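Peer 1: Sequence first, predicted model second:
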Amino acid sequence: MTDVVRQGVLRFSYGIMGSGKSTVALQVHHNLIRRGLRGVLCTLFDREGTAVSSRLGVSHPAVEVTAEVDLLALARAEAAAGDGHLDFLVCDEVQFYAEAQIDQLAAVVDEMGADVFAYGLLTDFRGRLFDGTRRLMEVADERVPLSVETRCWCGRRATHNARLVNGQMTREGETVVIADTEASGVVETPLFGDVVTYELLCRRHYNAGVVK
């Protein structure tokens, strides 16, 4: 009799900054581990480096998905280190993953039957899809918008991550510059001597370039 491979799912949950994606990733990882399931927590370019961290102050060590990491090989090694199977991967900041790594996540689901819970931003500060996000939208089994409400300074629903350099909105520059959206706890990131922050805006004020 042929063994039946467990059917996993590749679920992509997405939102903008402040939508709670890292908090949800940590909660899902915590819940699965509590149930005795075997899995790996992954991230890239998190504020705390090799950890998934929430703005609520919660964090957990994680595997850093650098360009050299093969996620299918990582999953196979983790399974081999245990009883030969892997139940899940929880992957945060997937917008920064390479397209090939997104395909590796799909292979983890299809070849190993593990669940992959992926969390990331939909668009960058220019309003364009990240490469990792685009690939996930193409291959994910499920695409789930995060339900945590984020608001523009005007009170409307926030839909865009605006980058501010020295307090002025910009649409130019490197895609990856790590900073924060909390006015009271801004991570001041020098960029050629400048300070980079982010602000959540509605489409109207993002298009107009109007920040608080």
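Peer 2: Received it, and whenever you're ready, just let me know what you need.

Peer 1: How many neighbouring residues does residue 86 have?
Peer 2: Residue 86 has 25 neighbours, counted by other Cβ atoms under 10 Å. C-beta coordinates here come from the backbone N, C-alpha and C atoms, glycine included.

Peer 1: For it, give me phi and psi.
Peer 2: With angles defined as degrees, to the nearest 10, residue 86 sits at phi -130, psi 130.

Peer 1: quick one: contacts for it?
Peer 2: The contact partners of residue 86, taken as Cβ atoms under 8 Å, 6 or more residues apart in numbering, are 38-40, 75, 78-79, 108, 112, 114.

Peer 1: Model confidence score at it, please.
Peer 2: Residue 86 is assigned a predicted lDDT (pLDDT) of 95.

Peer 1: Domain-wise, how is the chain divided?
Peer 2: Structurally, the chain divides into domains by automatic domain parsing as follows: 10-145, 160-208.

Peer 1: and residue 165, what are its bridge partners?
Peer 2: Taking DSSP bridges as the rule, residue 165 bridges to residue 168, residue 196.

Peer 1: so how far is residue 119 from residue 59?
Peer 2: To residue 119, residue 59 is 14 Å away according to Cβ to Cβ, to the nearest Å.

Peer 1: Looking at those two, which one has more neighbours?
Peer 2: residue 119 (28 against 15).

Peer 1: ok but that one is inside a helix, no?
Peer 2: No: counting by DSSP: H, G, I helix; E, B strand; the rest coil, residue 119 is not part of a helix but strand.

Peer 1: Now do the same contact list for it.
Peer 2: So residue 119 contacts 12-14, 21-22, 24-25, 90-94 (Cβ under 8 Å, 6+ apart).

Peer 1: ranges for the strands of the chain?
Peer 2: 10-15, 39-43, 51-53, 59-61, 63-64, 88-91, 115-121, 142-145, 160-165, 168-170, 189-191, 194-201 (DSSP state E).

Peer 1: Low-confidence regions, the protein specifically.
Peer 2: 1-5, 46-49, 176-193 (pLDDT under 70).

Peer 1: Now with 90, please.
Peer 2: 1-7, 16-20, 22, 44-61, 82-85, 147-150, 166-167, 171-197, 212 (pLDDT under 90).

Peer 1: the helices in this structure, which residues?
Peer 2: 21-34, 71-81, 99-112, 131-139, 203-208 (DSSP state H).

Peer 1: So for residue 155, which of the ones you listed sits nearest?
Peer 2: Of all these, it is helix 203-208 that lies closest to residue 155, at 10.8 Å by Cβ to Cβ.

Peer 1: Look up how far residue 58 lies from residue 87.
Peer 2: Counting by Cβ to Cβ, the gap from residue 87 to residue 58 is 22 Å.

Peer 1: Between these two, which is the more surrounded one?
Peer 2: Comparing residue 87 with residue 58 by neighbour count (other Cβ under 10 Å), the higher total belongs to residue 87, at 21 against 13.

Peer 1: any idea which of the contacts of residue 86 has the most stuff around it?
Peer 2: residue 108 (27 neighbours).
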